[in-house]
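Asker: okay, here's the prediction I keep looking at, along with the sequence it came from:
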Amino acid sequence: MFVGLPTPLCYPPCMSARIDSDALARYKAALAAGSQRQEVFTTPGGRKLHAANFDIDLERLPDEQQTATELPGEFPFTRGIHPGMYRSRLWTMRQYAGFGDADSTNARYRYLLAHGQSGLSVAFDLPTQLGLDSDHPLACGEVGRTGVAIDSIEDMRRLFASIDLGKVSTSMTINAPATVLLALYIAVADEQGVPRDQLRGTIQNDILKEYVARGTYIYPVEPSMFLVTDSFRFCNEQVPRWNPISISGYHIREAGATAAQELAFTFSHGCAYVGAALAAGLELETFAKTLSFFFNGHNHFLEEVAKFRAARRIWAHLMRDKFGATSDEACRCRFHTQTAGSMLTAEEPLNNIIRVTLQALAAVLGGTQSLHTNGYDEALALPTEASARIALRTQQIIAAESGVVDIVDPIGGSYTIEILTAQLEDDVQSYFGEVAQRGGAVQCVRDGYFQREIQRSAYQWQREVETGARQVVGVNAYRQEAISAGASDTAHLLRVDPALEQAQCDRVRDLRARRDARAAAAALEVVRQTALTRGPMVETFIDAVKANCTVGEICGVLREVFGEHQEQVTL
């Protein structure tokens, strides 16, 4: 059963404990043991910047000012998961991209890498997300529209053509068929000769939030959870540098949740995954260090900074106090952030550049490990090369010119930030109690509790916008009334060529016609039998994709064995 923390922390913690000289010495030693991007950090005026805001000459301060929060890099990691944070290494700039076919998306990846992106993030189209091949009747009109169409190993080869998978970190936003897409990635890496233990990346693989907030589920809850835990097992054994799940609050927030709901529901799901993995016999200290999270960078700057700090503290206590984790690695909350797509406006889209900048800055001040910044035109279409470049440049300017990366947790210690951090933690605790009373996270998914809470918050937000109580610049405040206002901003929207869909359908049909049919059928039968017995699945998927079985065929076999989820929500 899901339980909350045994003892909520008092706030503001930064004002409640005198600096411990031994702890400070320990922190300085940890900094010295790690590498830093440069030897000395200074302001443009030549003032030396200390690593963190308590690393100063204590003799010059009165006693009542000699206070600090927890140390960066130490449990419960409120101030950051590493002692030096961005002094040692910047976050991964991982722009989310995918559209049309594999060739089109490969060109975009190489363009972004050439402009300084440091990690890849794959957006798949809806048919792929639902485990359907491009020539399936239900895929008609959706192929390549919201992401790249991937049907087979041939598509995956083309997607990463001229990209060394041993030198990039790749995130794949895929859930119900996540283990099949992981199998495709590994199969291509095998062809490139990249050792599996050198592969780095993440599959989202968070099926519980699909039932709650996003909708691209396939199978019922129980077999879906089995596939998730099987991916934990496989990654721990064969691709130890790969994150087998990105537990996602992003889509929960996009659906209308508050900041507290985003944390509470995400961590409730996280605890459900940890419990399922333990029940499957996996070793906590091994798989826990590969868990990662995915949060939303929303509009309220101060609350978002506090949210990210609270997230680390809450998860650290859950892992130690609820599950008994003992290592720092198992207790660290590592997360990716994407700026809020739901906050982008079709009206005056260039305003979105400012919104994205503030959201990204909050994520950096909050200590994110990787970041995607949305294109300003994404309320209207997939981003163009130009808008994707501006979004990437936003991250690069924050990193190179703002100075916020030179100090760990630079606004930690602010009364406002510390109180907001603790208040968010208290609100999350209240939700944890409610989840426990209702029988845990999986039961809350089944009975629709999470969904109803999100819907109430979304309705409240929309009412505030419609009544003018919440201002949105260019929408209900400071509007340009001219009919042509902003027209030039949308003159060069990305258009996916409709001919790509027919070409993709032809490719998958041609593959089926020329492959070794007996080998493909045999591989699919192994998938079927292994699914029936709940055996190790990922290995069978790798064999199947190497036999030129398609994503739709593999998922089709699993549909036959597992069935399909039917949503039943009582409002």
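Answerer: Received it, and whenever you're ready, just let me know what you need. All values reported here derive from a predicted model rather than from experimental measurement.
Asker: following the longest helix along the chain, which helix or strand shows up next?
Answerer: Scanning the chain for the helix with the most residues, using DSSP state H, yields helix 415-437. Where DSSP states H and E defines the elements, the next helix or strand beyond helix 415-437 is helix 441-447.
Asker: so what touches that following helix?
Answerer: When contacts are defined by CB atoms under 8 Å, 6 or more residues apart in numbering, helix 441-447 is touched by residues 2, 208, 211-212, 221, 225, 265, 268-269, 271-272, 435, 438, 450, 568, 570. C-beta: built from backbone N, CA, C; applies to glycine.
Asker: among the residues you listed, which are located in helices?
Answerer: With DSSP H as the criterion, helices contain 208, 221, 225, 265, 268-269, 271-272, 435, 450 from among the contacts of helix 441-447.
Asker: can you select the buried ones from the contacts of helix 441-447 in ChimeraX?
Answerer: One line in ChimeraX is enough to select the buried ones among those; burial here means 16 or more other CB atoms under 10 Å:
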select :2,208,211,212,221,225,265,268,269,271,272,435,450
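Asker: now for the contacts of helix 441-447, which pair is the farthest apart?
Answerer: Cys271 and Thr570 (24.1 Å; CB to CB).
Asker: follow-up on the earlier one: out of the contacts of helix 441-447, flag the one nearest to Ala544.
Answerer: Nearest to Ala544 among the contacts of helix 441-447: Met225, at 21.6 Å, using CB to CB.
Asker: nearest spatial neighbour of that closest one, skipping sequence neighbours?
Answerer: With sequence-adjacent residues excluded and distances taken as CB to CB, 6 or more residues apart in numbering, Met225 is closest to Ala276, at 5.0 Å.
Asker: quick check: which ranges of this structure have low pLDDT?
Answerer: Residues of the chain that meet the criterion pLDDT under 70 lie in 1-20, 54-69, 482-491, 568-571.
Asker: could I get the full set of strands for the stretch 101-250 of the chain?
Answerer: Using DSSP state E, counting those that start in this stretch, the strands assigned to the stretch 101-250 of the chain run over residues 119-123, 169-173, 200-203, 242-243, 245-248.
Asker: quick one: strands adjacent to the second one?
Answerer: So that's strand 169-173. In its sheet, strand 169-173 lies beside strand 119-123 (parallel), strand 200-203 (parallel), with partners assigned from DSSP bridges.
Asker: before we move on, what about the fourth one?
Answerer: Paired strands of strand 242-243, with direction, are strand 200-203 (parallel) (DSSP bridges).
Asker: I would like the residues contacting the partner strand, please.
Answerer: Under CB under 8 Å, 6+ apart, the answer for strand 200-203 is 120, 168-172, 174, 178-179, 181-182, 185, 231, 241-246, 292, 336.
Asker: ok, and the closest non-adjacent residue to Leu112?
Answerer: Skipping the residues right next to it in sequence, Leu112 comes nearest to Gln95 by CB to CB, 6+ apart, at 5.4 Å.
Asker: what does Gly366 give?
Answerer: Closest residue in space to Gly366, ignoring its immediate chain neighbours: Phe308 at 2.8 Å, by CB to CB, 6+ apart.
Asker: just give me how far whichever strand or helix holds that neighbour sits from the chain centre.
Answerer: In this assignment (DSSP H and E), Phe308 forms part of helix 301-317. Relative to its chain's centre, helix 301-317 lies at 15 Å (CA atoms, centre = their mean, to the nearest Å).
Asker: Leu558 contacts Ala531, correct?
Answerer: Yes - counting by CB atoms under 8 Å, Leu558 does reach Ala531; the two are 5.8 Å apart.
Asker: these two - which one has more neighbours?
Answerer: A count of neighbours by other CB atoms under 10 Å puts Leu558 above the other of Leu558 and Ala531, at 25 against 21.
Asker: okay, and that one sits in which element?
Answerer: Here Leu558 is covered by helix 551-562, with elements defined by DSSP H and E.
Asker: what about Ser342, neighbour count?
Answerer: 16.
Asker: likewise Ala517?
Answerer: Residue neighbour count, defined by other CB under 10 Å, stands at 12 for Ala517.
Asker: next, it: phi, psi?
Answerer: With angles defined as degrees, to the nearest 10, Ala517 shows backbone torsions of phi -60, psi -40.
Asker: and the gap between it and Cys235?
Answerer: Taking CB to CB, to the nearest Å as the measure, Ala517 and Cys235 are separated by 32 Å.
Asker: same check, this time on Ala522
Answerer: For Ala522, the distance to Cys235 - CB to CB - is 26 Å.
Asker: which of these two has more neighbours?
Answerer: Of the pair Ala522 and Cys235, Cys235 is the one with more neighbours under other CB under 10 Å, namely 24 against 14.
Asker: my read: the more buried one touches Pro244, true?
Answerer: Yes - with contact taken as CB under 8 Å, Cys235 and Pro244 are classed as touching, separated by 4.1 Å.
Asker: overlap in contacts, the two.
Answerer: Common neighbours of Cys235 and Pro244 (criterion: CB under 8 Å, 6+ apart): Thr290.
Asker: returning to that earlier point: give me the neighbour count for the residue nearest to Met225.
Answerer: For Ala276, the neighbour count with other CB under 10 Å is 17.
Asker: isn't there a strand covering it?
Answerer: No - assessed by DSSP: H, G, I helix; E, B strand; the rest coil, Ala276 does not belong to a strand; its assignment is helix.
Asker: contact partners for it?
Answerer: Ala276 sits next to 225, 228-229 when contact means CB under 8 Å, 6+ apart.
Asker: Ser162: which of those is nearest?
Answerer: Checking those against Ser162 by CB to CB gives Val228 as the nearest, at 32.4 Å.
Asker: which residues touch that closest one?
Answerer: Going by CB under 8 Å, 6+ apart, Val228 touches 205, 207, 244-245, 273, 276.
Asker: closest to Ala325 among those?
Answerer: Nearest member of the contacts of Val228 to Ala325, counting by CB to CB, is Tyr273, at 14.0 Å.
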